[in-house]
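Asker: Let me see the structure of the following:
(2 chains)
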Number of protein chains: 2
Amino acid sequence: MADLASLTKQEGKVPPGLKSNFDVDFVVHYKIPLPATERAEAEAAFIQLIQALADVGFATEVRNGGKSSLLVFVKIASNKLLTSQVYRYRVQDWLYGVRTAAPNQDLTKYFDDEPVTEAERLRLAYLLITKAKNEGGAGITPRVGQWKYVASVFPLHDHGFNRSWIKQWSTKYYLDDADLNQIRDKFGERVAFYFAFLQSYFAFLLFPAVFGLGAWLVLGQFSWFYAVVNSLWSVVFFEHWKTKEVDLAVQWGVRGVSKIQHPRPQFEFEREAQDPVTGEIVKVYSPFKRLARQLLQVPFALACVVILGGLIVSCFAIEIFITEVYTGPFKQYLTFLPTVLLTIFMPTLSTLLTKLAERLTAIENYETQDAHQASFVQKIFVLNFITSYSPIFLTAFIYVPFGKILVPYLDVFQLTAQKFTTEGKPLPTKDWEMNPDRLTKQVIYFTVTAQIVNFATEVIVPYVKRKVFKAVEDVQTEIAEKKNGEDRGPKDVPDEAEFLSRVRNEAQLDEYDVTVDYREMVIQFGEQLLRHSLLQSRETKQPADKKTGYLSLFSVIWPLTACSFLVNNWIEARSDAMKIAISSQRPIPWRADSIGPWLNALGFLSWLGSITSAALVFLFNRGGGHEAGESHPNGSPWNISGWALLLSIIFAEHLYLVVQIVVRNVVAKLDSPGLQKERAERFAMRKQVLEQTFGDQHVQEESSGPGMTGGEKITREALEEEAREASRSVSGTGSPEQM
Amino acid sequence: MADLASLTKQEGKVPPGLKSNFDVDFVVHYKIPLPATERAEAEAAFIQLIQALADVGFATEVRNGGKSSLLVFVKIASNKLLTSQVYRYRVQDWLYGVRTAAPNQDLTKYFDDEPVTEAERLRLAYLLITKAKNEGGAGITPRVGQWKYVASVFPLHDHGFNRSWIKQWSTKYYLDDADLNQIRDKFGERVAFYFAFLQSYFAFLLFPAVFGLGAWLVLGQFSWFYAVVNSLWSVVFFEHWKTKEVDLAVQWGVRGVSKIQHPRPQFEFEREAQDPVTGEIVKVYSPFKRLARQLLQVPFALACVVILGGLIVSCFAIEIFITEVYTGPFKQYLTFLPTVLLTIFMPTLSTLLTKLAERLTAIENYETQDAHQASFVQKIFVLNFITSYSPIFLTAFIYVPFGKILVPYLDVFQLTAQKFTTEGKPLPTKDWEMNPDRLTKQVIYFTVTAQIVNFATEVIVPYVKRKVFKAVEDVQTEIAEKKNGEDRGPKDVPDEAEFLSRVRNEAQLDEYDVTVDYREMVIQFGEQLLRHSLLQSRETKQPADKKTGYLSLFSVIWPLTACSFLVNNWIEARSDAMKIAISSQRPIPWRADSIGPWLNALGFLSWLGSITSAALVFLFNRGGGHEAGESHPNGSPWNISGWALLLSIIFAEHLYLVVQIVVRNVVAKLDSPGLQKERAERFAMRKQVLEQTFGDQHVQEESSGPGMTGGEKITREALEEEAREASRSVSGTGSPEQM
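Answerer: Sure, this is the predicted structure:
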């Protein structure tokens, strides 16, 4: 068996396992199933795998992967193959308009000028492995069809880099362009875009934190003012990001890469047809069938609303009943009931519905990765929108205005509870009064508690889980070994042992999914808008009928939550970095030219924020008919303020749209390094081409300038003479005073 | 003096004046001022003109232009210059991404494949004449600075083509792509886009006309149904046009030409600075100064509202007073008073304000033609919006709901009138009742009368004016000649006489301004939306308190106005063609890739239509509190329906936005010939480049596919053996049942 070190070029010193990857590009994790029938199939497929890899030019080495699996170490065999691939893809980029200029023909000089980054090499290697055979790849698609035993194809972590990366980031306040470029070179533009977005958002949060705190100290309470500033802030952030995104894409040389679509291997075609334009054979799936399946999104959204909404409403009702109506025994324990219910059912239901969303998206059978991803993100957003924001909407639009009317119906709990108590006595309750503490509690819960819980579930839980699983596994293996009285097959070569154990470990990790992280940030952005408008609007209402303490509390909550988000996002960036470095496989360094479908989600939230802000400020500042209904003897909480409320919503929404247009125009006028770079590149390219094409001709042209084709030769003198003549002849005609 | 025929290549037979242009590309109309001091200056400048033209390679001939002016006939001297110019601009197009492929280096073959159209030649010639000297042009900018005596630079009409064009069009119902291509080849894409838009709009009007009539016959009255269909129709039309526009731009090879900006010669720069990117010297004008001047648009818009709105409100009030309150003598004559007032003041004020808009736009000092044009169109749209739609809004939102409250205030007319009558007796009046005839009259006036009046002012009036002026001029000249007892200077050569008289005539014509025609169509589109929603909403209200005759009348008005617009637009296309062919100078064949700023105006109207439809349907279908106020004893017409009205507006607006997104997505999925063409071109280009670049390498690659760089040679057999070995070794490790 070949030595793994043979894959490295510098065969002299082989560094210890953790420090070197032996120049391995990718690892294919191949599972060997236990049943003998499948095993034969898997073995045959494995040979095909090795052959397919060799055919496209990979050098491979096979090692034991532990737990009935193999690890195939894959490396692009020749440097020539790599450069030709890079060149080919760069030409493709140029043809699609991603690059301004065609790659230079002089290859050695060219690769000195624009060296191949690690991300580029890994991406091309991955494409070479997964691309269909007729497109020149090995056609290996993990977990699909023929390759169902290929568990994963992943690049190896660069542990040296990872360590210095985490160390660097944990000691600096602000990530600069160099940091993002580093991420880009290692993990590709898709991941880099996430961190760039996080960083931009972090920077923008400074404004509400600092300005809000300052304004609160100087101006005191000013609720509608905060609401307006908040909304304006969201518009500016959104429009700024849209420009920033383009700017980054240009700087990273990926502007327009979304045009280069990657086919989805899972796509099932109905028939093959010839493209009328290109004459190529294309795979076709009826768009009507897809549309029919897309329509399933409507029942899906309804199901989400009913299931999640139902859960939230029930818990909300139980909570209100127990905390604000119920006065019987065990109250101090029962208050935890809704939280317990939510903690148990919410993640379960969310997971179930996410699985359903995945299933639905798969059924929609998209041809390209991007379309698939966009459709999935859309569903995820609906799901998260409901789970995250319905408590706010419930409090603002149901609990506060209609509390007095609805709370008596909560007696249903009393009646239910009565059935279970043998005495049949009614439970002890008290008369309901609206509880303004509710909002404060909710805010503190969501801004602080939720973020800590989030951090825990995201980083600590997976870490502990992994440790535990690992321990359990080790014990199991040990037991099995003891039972069989055998050793674990051929031992690893000592040189490789440490490295292999590390790779086996990485093979077990999850794939990093940037969608999850985007989702978190986008939802937080929405909270910054929606929850805050709720809070600010509450503020002015409070002092009238409650202790003045609330006033300052509500007023300061805007800058305070901004501060809390600021801290959270600082940690978030580092914990996400750790997630990538430690608890995930190294991501495939895909390219991207934007944050993709999340951009729409941001825009939607920003717009919704403008409407709810207006509604809430109006609702909580006016009349008071919403609070208890006493001021309106007829019992309709809407009576007069209804049209004014709607008018203020319409006004706010259109003001928002106008402001958006204005901000967009202003932001579009600003110059940015990326756009400057693009202009400079285009200018240089134009200049060069024009010089090349017209260098000689132009000179010719000028020398033969006033030359004529006709029979008569017109010289400058002749023309002048003629002009004089003509003007004289006119003078003689038109002007009476000369006569 | 050289013979004009020398400009033609075929010197054999010179066709009579009307049939040939003697191959003249452009005519420069040069005015010689009468005062002697200016005359010297003008003469000096004229010599410079001839010289400048000769310098860049034009052959020129000068002739007497009549009325103290000269005609300079200009022609690109050499075919080589023309082809090099064409080639240069096509390369530029390619560099800007307008063309997919770079022009072929083999020129003779290339120009056989892609011949130079007349429009292209004229455009390049015009650019060569007007472009700044440092950019290789002659730098002749009509009516600006040094060239203030250059009255105009215009191409000559192709009368043969014009005649057959008008004849062809007046005998066909529908303009097809070939017709539009013809326009494009002769008058350039900007004009062609107008006709394409007109044609698309015409085709779309068929639907409301046919469907509406059918629905009216089958379904009877269905007012809200028409309103919904109308709104939906507008969305579909708008989105369709947006795609169609792109499609046409691709087909015509002008997609993205708006990126190639033409500098505005009138632009005044504050200082010169070096572009940080390109290193070129650029002219800079402070954007803050421009912004300050742009802010003048706000008082301008207010002035428009006050002046035009005031006029319309006054006339409206006078009309109501006279027709519906006043019963005294001369009523039959006085009813015409408001119409007379409007007819006198409206065009005067409009012209004044348009001049003001022009002035304002000039003050804003834009660097490019497009920015200037866009800003001007914006102002024009505001102006026309007020003049065209304020009567509708007045009727719908003031007259109908608040009539009962406001009409008594019209007594002010009575009081004013009393002062002028010696007797001091009050004028005879009657009690006011809302007049539902009003809307019918308005509609009939606007859809039929207004269009006829429009046609007359657009085609007949200029024609008559021209004839009259011409006659007056002829008489004047004759008198002057008799008085002076002299003849008109050197007589024209008989060969040229007819031609020259024709050119002198063309020199007097106005420049064709496509903006005016666009404005008309866009305003009509708005009427189709706004006025109709008003009508449909009236319909359901009518039968309750008026004769049933109205019902059917209102119901049928939707299809009927659509029919009337259909007829009007058929005529419009032909009369615009005639306007171009007969009463304007031949337009400079500019390129364009869309209808430009009018697109936004269309979108705005379509959106506004959705809101007003909802408001009107609601207002006229509900309560009736708006009609006279009797049903609400408290006198507030808004009381209860206010919030419902606003809710229906919000609902309709958001429904509109959702429908728009859906329609946009559906339309975007449809394929179109232009996009197919583009795809095919791009595909062919990519294929070609890839073949050229990788033709050899690819073969090499494949042959050296599984080759290795490392020390060890891996053959397929060795790999297979190794794989087998590895899988065997795994089998020995992982699966307990084999033990």
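Asker: Please tell me how far residue A:518 sits from residue A:384.
Answerer: Going from residue A:518 to residue A:384 by Cβ to Cβ, to the nearest Å gives 11 Å. For the C-beta atoms, the positions are set from N, CA and C on the backbone; glycine is no exception.
Asker: try residue A:493
Answerer: Separation of residue A:493 from residue A:384 (Cβ to Cβ): 48 Å.
Asker: on that earlier part again, comparing residue A:518 and residue A:384, which residue is more hemmed in?
Answerer: Each of residue A:518 and residue A:384 has its neighbours counted (other Cβ atoms under 10 Å in any protein chain shown); residue A:518 has more, 23 against 20.
Asker: That one: what secondary structure?
Answerer: Three-state assignment for residue A:518 (DSSP: H, G, I helix; E, B strand; the rest coil): helix.
Asker: The nearest residue to it once chain neighbours are set aside: what's it in contact with?
Answerer: In this structure, residue A:518 finds its nearest non-sequential neighbour in residue A:598, 4.9 Å apart by Cβ to Cβ, 6 or more residues apart in numbering or on different chains. Residue A:598 sits next to A:377, A:518-519, A:522 when contact means Cβ atoms under 8 Å, 6 or more residues apart in numbering or on different chains.
Asker: one more time with 7 Å
Answerer: Neighbouring residues of residue A:598 by Cβ atoms under 7 Å, 6 or more residues apart in numbering or on different chains: A:377, A:518, A:522.
Asker: can you check residue A:188 too?
Answerer: A:119, A:123, A:587, A:589-591.
Asker: and of the contacts of residue A:598, the nearest to chain B?
Answerer: Nearest to chain B among the contacts of residue A:598: residue A:377, at 15.9 Å, using Cβ to the nearest Cβ.
Asker: From chain B, how far off is the closest residue to residue A:99 other than its chain neighbours?
Answerer: Nearest residue to residue A:99, sequence neighbours excluded (Cβ to Cβ, 6+ apart): residue A:93, at 4.6 Å. As judged by Cβ to the nearest Cβ, to the nearest Å, residue A:93 and chain B stand 11 Å apart.
Asker: Would you double-check that residue A:93 falls in a helix?
Answerer: Yes. With three-state DSSP as the criterion, residue A:93 is part of a helix.
Asker: That one contacts residue A:101, doesn't it?
Answerer: No. Taking Cβ atoms under 7 Å as the definition, residue A:93 is not a contact partner of residue A:101, at 10.5 Å.
Asker: Please say which of the two ends up with more neighbours.
Answerer: More neighbours surround residue A:93 than the other of residue A:93 and residue A:101, with 20 against 12 (other Cβ under 10 Å).
Asker: So for the residue nearest the centre of chain A, what's the pLDDT?
Answerer: The centre of chain A sits closest to residue A:518, judged by Cα atoms, centre = their mean, with a distance of 3.4 Å. Confidence at residue A:518, expressed as pLDDT, is 92.
Asker: Ok, residue A:118 next?
Answerer: Reported pLDDT for residue A:118: 90.
Asker: quick one: contacts for it?
Answerer: A:185-186.
Asker: now the helices for the stretch 451-600 of chain A?
Answerer: A:461-484, A:494-508, A:514-545, A:549-581, A:598-621 (DSSP state H, counting those that start in this stretch).
Asker: that older thread, of the contacts of residue A:188, which pair is most distant in space?
Answerer: Pairwise distances across these (Cβ to Cβ) peak at 12.1 Å, for the pair A:587 and A:591.
Asker: Those two: which is more packed in?
Answerer: Between residue A:587 and residue A:591, counting by other Cβ under 10 Å, residue A:591 is the more crowded of the two (23 against 20).
Asker: my guess is the more buried one contacts residue A:256, does it?
Answerer: No. Counting by Cβ under 7 Å, residue A:256 is not a contact partner of residue A:591; they are 10.4 Å apart.
Asker: In strands, which of the contacts of residue A:188 fall?
Answerer: Assigned to strands by DSSP state E, none of the contacts of residue A:188 qualify.
Asker: Grab the longest helix from chain A for me.
Answerer: helix A:177-219 (DSSP state H).
Asker: what's the following helix or strand after that helix?
Answerer: Next helix or strand after helix A:177-219 toward the C-terminus (DSSP states H and E): helix A:223-251.
Asker: what's that following helix packed up against?
Answerer: helix A:177-219, helix A:514-545, helix A:549-581, helix A:598-621, helix A:641-669, helix A:673-703 (3 or more Cβ pairs under 7 Å, 6 or more residues apart in numbering or on different chains; DSSP states H and E).
Asker: Apply 6 Å and report the result again.
Answerer: helix A:177-219, helix A:514-545, helix A:598-621, helix A:641-669, helix A:673-703 (3 or more Cβ pairs under 6 Å, 6 or more residues apart in numbering or on different chains; DSSP states H and E).
Asker: Any buried residues in that helix, and which?
Answerer: A:223-224, A:226-231, A:233-251 (16 or more other Cβ atoms under 10 Å in any protein chain shown).
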